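[1] structure for this input, please:
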Amino acid sequence: MAYRRTSGSKLFMTVVFMVAMCRAIPINDLLDRASQRSDELHSLSTMLTQELDSHFPPIGRVIMPRPTSCHTSSLQTPNDKDQALQVSESALMSLARSLLQAWVDPLVVLSHSASTLPHPAQSTINNKIQELQQHSKSLGDGLDILSNKMGPAAQAISSLPYRGATDPGQDKISKLVHFNFLLSCLRRDSHKIDSFLKVLRCRAARMQPEQC
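    Next up is the predicted model:
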């Protein structure tokens, strides 16, 4: 029992030390890391979309819901970089964290769907979905630390619950359409997150707007 308590104490101290080290890292460096991770997240979601498109039936494009049906569409966000440059740092961080948090449950749905997806590259897609979950978790942990450095406004998160279908359906078309729609929403939102964090990194480095 004494050994277990000692091991537990060592683990606790290691976690405390790592958190303290992260908090001691300059915000510019933390933003660089967050931006790199968000770029990986968006690149991976883009690769997955392209992989799925290679065997996506034409009828699926006709019946797939519009982007406005994404569960995050109610969140008011800048439409482009110029608009993002007009938004405060704390608001951009809040938006990025809100979008990322909104994908915790849908990523679980994608993971379950990927395990039985009727697609020739099912195994590869399944592995990449697992990577997406890992990147999302890692980025979320980093943004938590960053938001704590930026103040209460940056820590605010808008609730965007996922109320879409958790069952992709029984037939091949339904499964592919459900999966492709969720993935297209994720790709759109990961691009927004990446753009917001790059603007924040740019500001922290005191770069001119045209260089962002």
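
[2] in the chain, what spans have low per-residue confidence?
    Across the chain, the ranges flagged by pLDDT under 70 are 1-25, 168, 207-212.

[3] so where do the helices sit in it?
    For the chain, the helices defined by DSSP state H cover 2-24, 27-53, 58-63, 81-84, 89-101, 104-114, 122-150, 152-155, 172-204.

[4] between those, which gets nearest to C70?
    With distances scored as C-beta to C-beta, the stretch of the helices of the chain nearest to C70 is helix 172-204 (3.7 Å). (C-beta placed from N, C-alpha, C; glycine too.)

[5] ok so, going back, how about the helices of the chain, which one is nearest P161?
    helix 104-114 (7.7 Å).

[6] and the angle for that closest one with helix 122-150?
    Between helix 104-114 and helix 122-150, the angle comes out at 170 degrees (axes from the mean of the first three to the mean of the last three C-alpha atoms, to 10 degrees).

[7] I would like the residues contacting helix 104-114, please.
    Residues from elsewhere that reach helix 104-114 (C-beta atoms under 8 Å, 6 or more residues apart in numbering): 71, 122, 125-126, 129-130, 132-133, 136, 161-162, 164, 166, 168, 175, 178-179, 182-183, 185-186.

[8] just the buried ones from the residues you listed?
    71, 125-126, 129, 132-133, 136, 162, 164, 168, 175, 178-179, 182-183, 185-186 (16 or more other C-beta atoms under 10 Å).

[9] returning to that earlier point: quick one: closest of the helices of the chain to L75.
    helix 89-101 (6.2 Å).

[10] just want the angle from that closest one to helix 27-53.
    40 degrees.

[11] quick one: helix 89-101 to chain centroid distance?
    11 Å (C-alpha atoms, centre = their mean, to the nearest Å).

[12] now do it against helix 172-204, angle only.
    Using the same axes, to 10 degrees: helix 89-101 against helix 172-204 is 160 degrees.

[13] appreciated, that's everything.
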